[in-house]
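In: Predicted model follows, preceded by the sequence.
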Amino acid sequence: MAVDPFEPAFPGDAVEVGRVLGAWGIKGAIRVLPFAKDPQALFSSRRWFIRPPEAPRAPAPAKPVVYPSLLRITQAREQGDDVVATAQELPDRAAAEAMKGARVFVARSSFPTAGDGEYYWVDLIGLAVVNRQGEALGTVIDLLDTGAHSVLRLRRPGAAEGAPPDESERLIPFVAAYIDQVDLAGRRITVDWGLDY
């Protein structure tokens with residue numbers, strides 16, 4: 001298979017940041033559901049890498065949908081909770097509608113720099129969490145948004161595969177009262193939390 005020298009390669013640091021909900025208007029704009037409350041990752045790059053939906057659409061289309069691998073964004077703006085964008089590769093509504101369900105990725109290196117004491121969730125996934133006594137509490141597998149604050153979701157050390165969440169997971173509020181230090185370079189978070197909490 002020949003590689004187009006003008007088509008940029010899928011970045012090794014690509015992060016999924018949204019999903020195309022469908023067309024917007026009649027001129028080829030798409031409506032994207034961002035995966036973060038603050039969609040700055042979508043605005044930080046004019047190159048959105050595209051992958052097809054993970055699950056096939058139902059019913060299967062008569063003709064397979066071929067998604068462009070890259071959208072060169074000409075304009076993007078917030079529209080309520082969504083982002084509306086136009087791209088060089090989408091000349092009309094039909095092209096935009098065909099993008100429904102596509103997954104949108106942006107290179108992590110193009111994200112805006114986080115402020116002091118701020119972190120992108122994607123950077124926290126996989127970090128080891130220990131308490132002040134140096135006891136391992138687990139590894140960050142996800143973050144939950146409760147509205148008031150975020151919560152670290154950890155996989156407990158030595159948790160059996162298939163064990164129910166109350167045995168295999170631990171939740172720690174991601175707030176200053178419990179988080180002592182986030183060391184991204186050292187891949188570690190130190191918290192004020194007991195093994196028996």
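Out: Right, received. Where do you want to start?

In: Wait, a helix at D116?
Out: No: per DSSP: H, G, I helix; E, B strand; the rest coil, D116 lies outside any helix segment and is coil.

In: Contact partners for it?
Out: Contacts for D116 (C-beta atoms under 8 Å, 6 or more residues apart in numbering) come out as none. Where C-beta positions appear, they are placed from N, C-alpha and C, glycine not excepted.

In: May I have the predicted confidence score for it?
Out: In this model, D116 is scored at 87, pLDDT.

In: what's the neighbour count on D92?
Out: Number of residues near D92 (other C-beta atoms under 10 Å) recorded here: 11.

In: And it, how far from G22?
Out: Taking C-beta to C-beta, to the nearest Å as the measure, D92 falls 14 Å from G22.

In: now do Q40
Out: Per C-beta to C-beta, Q40 is found 23 Å from G22.

In: Just the element for the residue of the chain positioned farthest from its centre, please.
Out: Here the centre of the chain is the reference, and by C-alpha atoms, centre = their mean the most remote residue is Q133, at 32.3 Å. Assessed by DSSP states H and E, Q133 sits outside every helix and strand.

In: which residues in this structure form strands?
Out: For the chain, the strands defined by DSSP state E cover 14-24, 29-34, 47-51, 70-79, 82-87, 103-107, 128-131, 136-145, 150-155, 169-173, 179-183, 188-191.

In: Kind regards, and thank you for your time.
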